[in-house]
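> Any chance you can model this:
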Amino acid sequence: MAQEWADYSGACAVLVAESRVGAWHGMFTAVDAGDPDFVLSGQAWRLDDEMDFENPTTDYDRACAVDGVAAHLLEGRGFAALVIVLELDMLTWWQDEKVIVNGDTLPSRANLERVRWEPAVTVELSEGRHILMNAADHGGDPSKGTHFHPELAPGTYRVEWGQYGWEPDDPALVLWRFVSVL
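The predicted structure is shown next:
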């Protein structure tokens, strides 16, 4: 099966438990009237593309408000999200290695072993099924974007990040791996 990739155009990615993904509202705010962008379960939603990181009003604003951090946790109305700050446009989930790849190709396993990993954040996952998606998307709207479905056993994980691309012919990649903490 071919590896699936998504173009996030530099937007952050979020990892949210599958059962809580509908609580992630991305760049959307609930509206009572007017011309909504979509309606979900009787609630109208409109895109709020003001992007105010100083005074965040949307989940996306809050996810992006932390500058210079590779990954961080964000909690809100019924969700806990792991925010992955992207540097490149293309993204995929590499299930076999439990790695998020930001770039446009998978590294070889031999080169993956050469990456200098740095700690980013520790997360407690209470469920095994998750959604990895563009942070700008509304989690309850299944028609938005390409979502990945990481399977990570419940438990504590150290999320580490590293970079790849040492030679002129190597692709530049930014990677996040999930290491189980026993």
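> Check the closest residue to R46 other than its chain neighbours and give its pLDDT.
Using C-beta to C-beta, 6 or more residues apart in numbering and skipping residues adjacent in sequence, the residue nearest R46 is V31, 4.7 Å away. Where you see a C-beta, it was placed from the backbone N, CA and C, and this is true even at glycine. pLDDT for V31: 90.
> Identify the bridge partners of V31.
A44 (DSSP bridges).
> same check, this time on Y164
On the basis of DSSP bridges, Y164 is bridged to L173.
> Could you measure from it over to P171?
Using C-beta to C-beta, to the nearest Å, Y164 is found at 8 Å from P171.
> who touches both of these two?
Taking C-beta atoms under 8 Å, 6 or more residues apart in numbering as the contact rule, the neighbours common to Y164 and P171 are G103.
> higher neighbour count, these two?
More crowded of Y164 and P171, by other C-beta atoms under 10 Å: Y164, with 21 against 14.
> which residues of this structure score low on pLDDT?
Across the chain, residues meeting the criterion (pLDDT under 70) sit at 1, 67-68, 142-143, 166-167, 169.
> Now do the helices in it.
Taking DSSP state H as the criterion, the chain carries its helices at 59-64, 109-112.
> List the buried residues of the last one.
In other words, helix 109-112. L112 (16 or more other C-beta atoms under 10 Å).
> CA atoms only: put it into CSV for me.
Output of helix 109-112 as CSV, limited to C-alpha atoms (Å, rounded to 0.1, in the frame of the first residue of the first chain):
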residue,chain,number,x,y,z
ARG,A,109,15.4,3.0,8.3
ALA,A,110,19.3,3.3,8.2
ASN,A,111,19.1,7.1,8.1
LEU,A,112,16.4,7.2,10.7
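> one step back: in contact with the residue nearest to R46, which residues?
44-46.
> Among these, which one sits closest to D59?
Nearest to D59 among these is W45, at 12.0 Å by C-beta to C-beta.
> how much space between that closest one and M51?
Distance, W45 to M51, by C-beta to C-beta: 17 Å.
> what does F178 give?
F178 sits 29 Å away from M51, going by C-beta to C-beta.
> Neighbour count for those two, which is higher?
For F178 and M51, the more surrounded residue by other C-beta under 10 Å is F178, and the numbers stand at 20 against 14.
> and the more buried one, what are its bridge partners?
V159.
> again, but for F38
Here F38 sits in beta bridges with W45, going by DSSP bridges.
> Touching, it and D137? I think so.
No: F38 lies out of contact with D137 (C-beta atoms under 8 Å); the separation is 11.2 Å.
> Counting neighbours, go ahead and name the busier of these two.
Set F38 next to D137 and count neighbours by other C-beta under 10 Å: D137 wins out with 25 against 15.
> If you count neighbours, what's buried in stretch 128-139?
Neighbour-count burial for stretch 128-139 flags 130-139 (criterion: 16+ other C-beta under 10 Å).
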